[in-house]
Each structure stands twice: as structure tokens, then as C-alpha cells.
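S.K.: starting from these lines, generate the structure:
(one chain, ligands or ions: 2)
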Amino acid sequence: MSTVALVRCTSYRDDEVDAAVRRGLDLLGGALRFVRPGESVVLKPNLLVGREAERAVTTHPSVFRAVARALGDAGVRLSYGDSPGFGRTENVAGRAGIADVARELAIPVADFGSGETVSFPDGHLIKQFTIAHGVLDADGLVSIAKLKTHGLTRLTGAIKNQFGCIPGMLKAEFHARLPNADLFSQMLVDLNLLLRPRLSVVDGIVAMEGNGPQSGRPRSMNVILLSADPVALDATICRLIDLDPRLVAPIAYGEAFGLGSAKAIDVVGDPVDGFVVPDFDVQRSSRATAGRPGRVGRIARCLIVPRPVIRSEACTRCGTCVRVCPVTPKGVEFAANGSPPAHHYDRCIRCYCCQELCPEGAIEVDVPPLGRLIHR
Ligand code: SF4
Ligand code: SF4
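M.R.: Ligands and ions are numbered 1, 2, ... in the order given. This next block holds a predicted model:
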């Protein structure tokens with residue numbers, strides 16, 4: 001039985017968030033259940049790209065501050081970092097308001113730009129990872145994630161947050177090598193089994209629905225979740241947004257590979273019923289996944305699997321989508337005539353990196369007509 005603390009928090013006012021995080025930790029047995037005085041702990045917020053905290057793209061600095069204070073009071077030495085989808089950690093943290101808090105609390109930024117190869121023979125799919133030095137140098141990892149929708153995994157919460165422990169462009173390589181939600185999620189679970197975050201905290205005070213994880217709409221959920229079990233935590237998020245957890249591949253593989261429990265969960269704190277948002281805008285259809293090999297697989301992918309679509313009126317032609325596309329030849333390219341980039345759906349593996357990182361929110365995930373019929 002895993003325990004998840006569910007704590008109401010209706011604003012990002014420092015005193016309210018501080019009290020909510022401390023209450024959540026108390027409900028789980030106190031901070032000293034997760035850390036020991038004198039240890040070094042790296043905090044891993046979600047710093048996908050540099051956006052203001054109000055956009056709900058990144059972990060809110062108030063939540064980061066509250067967790068840092070609580071663990072600091074427990075006597076640990078803290079550092080923080082993330083490997084963003086785009087840009088340098090310091091710059092992204094600065095725009096998100098996290099760097100100011102870190103300066104105020106004298107928490108140094110850890111090295112998430114370079115890493116070291118770590119063998120993981122127990123991995124179910126991946127036997128070797130390159131992990132950021134900032135994570136390897138610390139005694140423990142505490143994840144401070146954001147509750148958001150995601151093109152590939154539907155949901156990004158506790159489990160997916162560890163992907164930022166892989167430095168730089170190595171993340172894009174995983175997208176190219178693991179071209180569907182099932183394989184990608186197996187990798188995420190192996191990564192969690194290797195890193196074993198001591199504690200996961202998810203900022204759901206204002207979540208993101210719709211075209212996440214960067215371009216969706218902020219949605220107030222008024223909740224902070226805490227757990228030692230990232231699978232149980234993400235499964236509890238599914239209850240809050242009325243989504244079948246079996247549709248979220250990281251949860252399904254997380255349970256299958258023994259990372260945690262999606263069913264035997266003791267929710268403590270405030271009652272789940274008070275937070276359920278049944279109309280939360282998230283991908284709910286059971287859909288085929290991309291990446292099956294061969295010609296038939298490619299045809300099926302084009303006809304059924306949701307695909308990234310560019311809204312040309314919103315495109316500024318910045319070229320981010322082309323740069324981040326991990327396949328060769330590119331699945332999205334500029335035409336010679338100066339118009340917005342266009343997708344080559346026969347090459348595109350549906351990793352949704354372009355949709356995730358388009359700074360204008362100009363790329364949406366669209367289900368082809370046949371896919372809509374099948375998954376109605
Ligand atoms: S990333 Fe977005 S705005 Fe930039 S070129 Fe691609 S579609 Fe246009
Ligand atoms: S075009 Fe977009 S979704 Fe397709 S492979 Fe490239 S980044 Fe991934």
C-alpha cells in the first residue's frame with residue numbers, strides 16, 4: 001500500500017504554500033522519513049522552457065521555496081537543477097522565478113548540462129543511462145513536478161519529471177530511439193528505478209490542460225500532492241482529472257515494472273472528491289501508438305495516430321520545431337518559399353517534441369479522421 005498526501009492549497013501565497021507542503025510532509029511521517037541531516041539533496045523542478053510562473057509551464061517558485069525550506073530545516077544541503085527542453089538551466093530558472101528563490105535561500109545550481117554513463121543491468125528496456133552530474137553528485141533526489149497534459153504520455157507529473165535528469169540533446173536521442181508512448185514510458189520507468197527519487201511533490205495549484213506541456217491553458221486545481229511513490233502519485237492525479245490510469249503508459253509500466261502501485265493507494269489529507277475536475281481537457285481516447293515498423297505500420301500511423309499540426313497563422317517561423325525534431329531526415333521542415341514549416345507525416349514518428357517546444361503554441365495534436373472513428 002502506497003501513501004499519497006493530498007493537500008488543499010488555493011493560492012501561491014508563500015505562507016499558504018509553505019503550510020500546505022509542511023502539512024503534506026507531516027501526513028507522510030515528516031521530512032526526516034525522506035532525508036537525513038547532513039545529506040546532499042538535489043531538487044528537480046520542472047523547467048521545460050523559460051516561461052513566467054503564471055503560464056503554468058514550470059513548477060511555481062512558491063512550491064519550490066516551500067519544499068526547499070522544509071528540507072533545509074531538516075538539515076540537508078540542497079542544490080537544484082533540470083535539463084530544459086530548450087535553453088540553459090540558469091536562464092530558464094531565471095525566467096520561471098526559481099533562480100531568485102534559489103539565490104534567496106543560497107541554493108546553488110547543480111550541473112545538469114553534462115553527465116556520466118551509468119550502467120543499469122536491472123533495466124527492463126534500457127540498461128545504460130547518461131545521468132546529469134548534478135544528480136549523481138547528490139546523495140538523494142527530490143522531484144518537484146508540475147501537473148500538466150502531454151502530447152506523448154497524456155500526463156506529465158511525478159514519473160515524467162525525471163526525464164530532465166538526462167542532460168541536453170541526449171533526451172532527443174531517446175525520442176528518436178523510442179518512437180512511441182509505450183517504449184518511451186518503459187524508458188521513463190527504468191530511469192525512475194535507477195534514480196529512485198526520495199520524494200515526489202506535484203504542483204497542481206494551477207495545472208495545465210489542453211495543448212500541454214507548454215501551450216495549454218492554466219487550470220486551477222488547488223492541490224499539492226506528495227508521495228514516495230511516483231506511480232501512486234500519478235494514479236491519484238488521474239482520479240482528480242477523471243482519467244483511466246491504464247491509459248497513461250508511464251503509470252501502467254510503472255506498476256508492471258515494480259516502481260510503485262497504481263491501485264493499492266492510501267490517500268491521506270483532504271478528500272479526493274473535493275478536487276475532481278471531470279471536464280479537465282486531456283487526451284482520453286484509447287489510441288494506437290506510433291512507431292510500428294514497416295510499410296503497414298507507417299500507413300496505419302498516418303491514418304490513425306494523432307499527429308502534430310501547425311496553425312500557420314500563429315507561426316513566427318522561429319525554426320524551433322525543425323531544430324528539435326529528433327529524426328533524420330527531419331519530420332518537419334521549412335519549404336523553400338518562406339512559408340511556415342510543414343510536416344512530413346511519413347517520416348514523423350509522433351514524438352511530439354515539436355508540439356512540446358513550439359514557443360508560440362502554434363502546433364496542436366490532431367487526431368486524423370479514421371483515428372476519430374476508431375477511438376470514438
Ligand atoms: S516552432 Fe512553432 S512558431 Fe516556430 S517555426 Fe515551428 S511552428 Fe512556427
Ligand atoms: S515532426 Fe515533431 S512529432 Fe514528428 S518526429 Fe519531428 S518532432 Fe517528433
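S.K.: and the helices in the stretch 201-350 of the chain, which stretches?
M.R.: 230-240, 249-256, 294-304, 320-324 (DSSP state H, counting those that start in this stretch).
S.K.: which of the ones you listed sits closest to ligand 2?
M.R.: Nearest of these to ligand 2, taken as Cβ to the nearest ligand atom: helix 320-324 at 6.0 Å. No exception for glycine: its C-beta is placed from N, CA and C like everyone else's.
S.K.: what is the closest one packed up against?
M.R.: Secondary-structure packing of helix 320-324 (3 or more Cβ pairs under 8 Å, 6 or more residues apart in numbering; DSSP states H and E): strand 332-333, helix 353-357.
S.K.: and that helix, how far from the chain's centre?
M.R.: For helix 320-324, the separation from the chain centroid amounts to 20 Å (computed by Cα atoms, centre = their mean, to the nearest Å).
S.K.: hmm, who's touching it?
M.R.: With Cβ atoms under 8 Å, 6 or more residues apart in numbering as the test, helix 320-324 has contacts from 85-86, 172, 310, 330, 332-334, 341, 353-354, 357-359, 363.
S.K.: circling back: mean neighbour count, the helices and strands packed on helix 320-324: which tops it?
M.R.: helix 353-357 (a mean of 26; mean count of other Cβ atoms under 10 Å).
S.K.: just to revisit the earlier point, minimum distance to Val272: which of the helices of the stretch 201-350 of the chain has it?
M.R.: helix 230-240 (5.5 Å; Cβ to Cβ).
S.K.: can you give me phi and psi for the spatially most distant residue from the centre of the chain?
M.R.: Relative to the centre of the chain, the most outlying C-alpha is that of Asn337, 36.2 Å out, by Cα atoms, centre = their mean. With angles defined as degrees, to the nearest 10, Asn337 sits at phi -90, psi 10.
S.K.: so how far is Arg65 from the nearest residue to Pro340 once chain neighbours are set aside?
M.R.: Closest residue to Pro340 apart from its sequence neighbours, by Cβ to Cβ, 6 or more residues apart in numbering: Cys315 at 4.0 Å. Note on Cys315: its distance to Arg65, by Cβ to Cβ, to the nearest Å, is 36 Å.
S.K.: residues near Asp139, how many?
M.R.: 14 (other Cβ atoms under 10 Å).
S.K.: and if you look at Pro278?
M.R.: 8.
S.K.: OK, contacts around Pro106?
M.R.: Check again: residue 106 is Ala, not Pro. Per Cβ under 8 Å, 6+ apart, neighbours of Ala106: none.
S.K.: check Cys315 too.
M.R.: With Cβ under 8 Å, 6+ apart, Cys315 has these contacts: 340-341, 360, 362.
S.K.: redo that, cut-off 7 Å
M.R.: 340, 360, 362 (Cβ atoms under 7 Å, 6 or more residues apart in numbering).
S.K.: follow-up on the earlier one: and ligand 2, which of the contacts of helix 320-324 contact it?
M.R.: 332, 353-354 (Cβ under 6 Å from any ligand atom).
S.K.: dump these into TSV; add pLDDT as well.
M.R.: Shown next, in TSV, are these (pLDDT from 0 to 100):
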residue	pLDDT
Val332	97
Cys353	93
Cys354	95
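S.K.: show me which of the residues you listed is closest to Ser114.
M.R.: Closest to Ser114, out of all of those and judged by Cβ to Cβ, is Cys353, at 21.3 Å.
S.K.: isn't that closest one right up against Ala176?
M.R.: No: look at Cys353 against Ala176 with Cβ atoms under 7 Å: they stay out of range, at 9.4 Å.
S.K.: which residues do these two both contact?
M.R.: In contact with both Cys353 and Ala176: Pro326, using Cβ under 7 Å, 6+ apart.
S.K.: any idea how far the residue nearest to Pro340 is from ligand 2?
M.R.: 14 Å (Cβ to the nearest ligand atom, to the nearest Å).
S.K.: swap in Ala228?
M.R.: Taken as Cβ to the nearest ligand atom, the span from Ala228 to ligand 2 is 33 Å.
S.K.: tell me the contacts of that residue?
M.R.: 34, 199.
S.K.: among the contacts of Cys315, name the buried ones.
M.R.: Among the contacts of Cys315, those classed as buried by 16 or more other Cβ atoms under 10 Å are 340, 360, 362.
S.K.: closest one of those residues to Ala138?
M.R.: Once Cβ to Cβ is applied, the member of the buried ones among the contacts of Cys315 that ends up nearest Ala138 is Glu360, at 35.7 Å.
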